[in-house]
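K.L.:
A predicted structure for the sequence below; I have some questions about it.
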Amino acid sequence: MIRIRRSSERGRAEHGWLSSRHTFSFADYHDPEHMGFRDLRVVNEDWVQPGKGFGTHAHRDMEILTWVLEGALEHRDSLGNGSVIRPGDTQRMSAGTGVTHSEYNPSPGELVHLLQIWILPARPGAAPSYEQRHFPEAERRNVLRRVASPDGSDGSVRIHQDVALYATLLEPGKAVRHGLGPGRHAWLQVARGAVDVNGERLATGDGAALGGETAVEIAAREPSEVLLFDLR
């Protein structure tokens, strides 16, 4: 079974410095039909204006992944980390018992376009931690590259939940397939482009929940960037 969440149906927030689309309920947007999927709690697509950003704020007991599509995002946190996240980077921050951080667009003239992803941890109260790794385009082109996982396999960042995240850059006419084990589910997010997923057509910003399937098959109709979550 596949259930599609169209881009146009998402919640939206416009703050001048920030334009955001919420796949699931977030902040002032509340939809009891879309509170998350399995352990995936937040998929926000954000556009942040030059020289603007999220001031210092706190999180706890959440696995937070940042995936930049265009531009760059500067990160600082109470653990002493300071970094710039660019396309191809996977940033993982485990909030655990508590962490404060800020995110800022350091460019004087370019937007930063990103996906912010929150995953519920397997257990609350872990020590907060941070990790960031780069995955070149060549490693993601026409293959599903594992970028986050519970065990950090294949050089992925390690998240504290039974979820694996894959990223791919698909050329037109190319396809990838991901098998799903018994009892496993998948969430697919189209960052850009147009793809067919198990016979259903999805476009930029669309998401899809899959359950009761043995595999996820993704075929590109145009140059596309896709994230795929494998969940319990």
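P.N.:
Thanks, I have it.
K.L.:
Now do the same for stretch 183-203: mean pLDDT, whole number.
P.N.:
Stretch 183-203 shows a mean pLDDT of 98.
K.L.:
for that stretch, which positions count as buried?
P.N.:
For stretch 183-203, the neighbour count (16 or more other C-beta atoms under 10 Å) marks 184-195, 197-198, 202-203 as buried. C-beta coordinates here come from the backbone N, C-alpha and C atoms, glycine included.
K.L.:
Need the contact partners of it.
P.N.:
Stretch 183-203 is touched from outside by 2, 4, 7, 23, 37-38, 40, 43, 67, 69, 115, 170, 178, 180, 204-211, 213, 216-232, with contacts defined as C-beta atoms under 8 Å, 6 or more residues apart in numbering.
K.L.:
Could you rerun that using 6 Å?
P.N.:
With contact meaning C-beta atoms under 6 Å, 6 or more residues apart in numbering, stretch 183-203 is reached by 2, 37-38, 40, 43, 69, 204, 206-211, 216-231.
K.L.:
And the most centrally placed residue in the chain, how close does it get to Phe24?
P.N.:
Nearest to the geometric centre of the chain sits Ile117, at 4.3 Å (C-alpha atoms, centre = their mean). Computed as C-beta to C-beta, to the nearest Å, the Ile117 to Phe24 distance reads 10 Å.
K.L.:
export stretch 66-73 as PDB, just CAs?
P.N.:
Taking Å, rounded to 0.1, in the frame of the first residue of the first chain, the C-alpha atoms of stretch 66-73 are listed here in PDB:
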ATOM      1  CA  THR A  66      19.700  18.300   8.300                       C
ATOM      2  CA  TRP A  67      20.000  17.900   4.500                       C
ATOM      3  CA  VAL A  68      20.900  21.000   2.500                       C
ATOM      4  CA  LEU A  69      19.700  21.200  -1.100                       C
ATOM      5  CA  GLU A  70      21.100  24.600  -2.100                       C
ATOM      6  CA  GLY A  71      23.300  27.200  -0.400                       C
ATOM      7  CA  ALA A  72      25.000  26.700   3.000                       C
ATOM      8  CA  LEU A  73      23.800  26.600   6.600                       C
END
